[in-house]
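J.: Structure for this input, please:
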Amino acid sequence: MLNLKLRFDGSHLKALRKTTPYSQEKMAELLDLSRETVSAIENNKDHAIRNLSIEMVNKWQHVCESHVDANTKQSFVGHLRKVLGI
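T.: Next up is the predicted model:
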């Protein structure tokens, strides 16, 4: 599991979730996380961001992808490329 050592902004994941009909509780269920962890990631809590893996970011994006509009997707992909240095 590759943790994101650079600063990932959880608000981008929140923006993805907000394009879906999913509550934090439903998103947590789909990702096999607690609702508190989803909230912590979305609100950039240090412990949650430090433990965030690229696999979890990918899974989060995959769960949301059928709902995401082009602007939100472009913003998310741009941020991810910046974090990963690509």
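J.: Tell me where the chain is predicted with low confidence.
T.: 1-6 (pLDDT under 70).
J.: switch to 50 and redo it
T.: Nowhere does the chain drop to pLDDT under 50.
J.: State which helix of it is the longest.
T.: In the chain, with assignment by DSSP state H, the single longest helix is helix 70-84.
J.: What is the subsequent helix or strand relative to whichever helix or strand His47 is part of?
T.: According to DSSP states H and E, His47 maps onto helix 46-50. Following helix 46-50 in sequence order, the next helix or strand is helix 54-64 (DSSP H and E).
J.: angle of that following helix against helix 70-84?
T.: 180 degrees (axes from the mean of the first three to the mean of the last three CA atoms, to 10 degrees).
J.: circling back to that earlier point, which helices and strands sit right next to the helix holding His47?
T.: Here helix 46-50 touches helix 35-42, going by 3 or more CB pairs under 8 Å, 6 or more residues apart in numbering; DSSP states H and E. In this view, the C-beta of every residue, glycine as well, is placed from N, C-alpha and C.
J.: buried residues in the helix it packs on?
T.: Thr37, Val38, Ser39, Ala40, Ile41, Glu42 (16 or more other CB atoms under 10 Å).
J.: ok, now stretch 20-34?
T.: Thr20, Tyr22, Gln24, Met27, Ala28, Leu30, Leu31, Leu33.
J.: residue contacts, the most centrally placed residue in the chain?
T.: The chain has Leu13 as the residue nearest its centroid, 3.1 Å off, counting by CA atoms, centre = their mean. When contacts are counted by CB atoms under 8 Å, 6 or more residues apart in numbering, Leu13 touches Ile41, Glu42, Val57, Trp60, Phe76.
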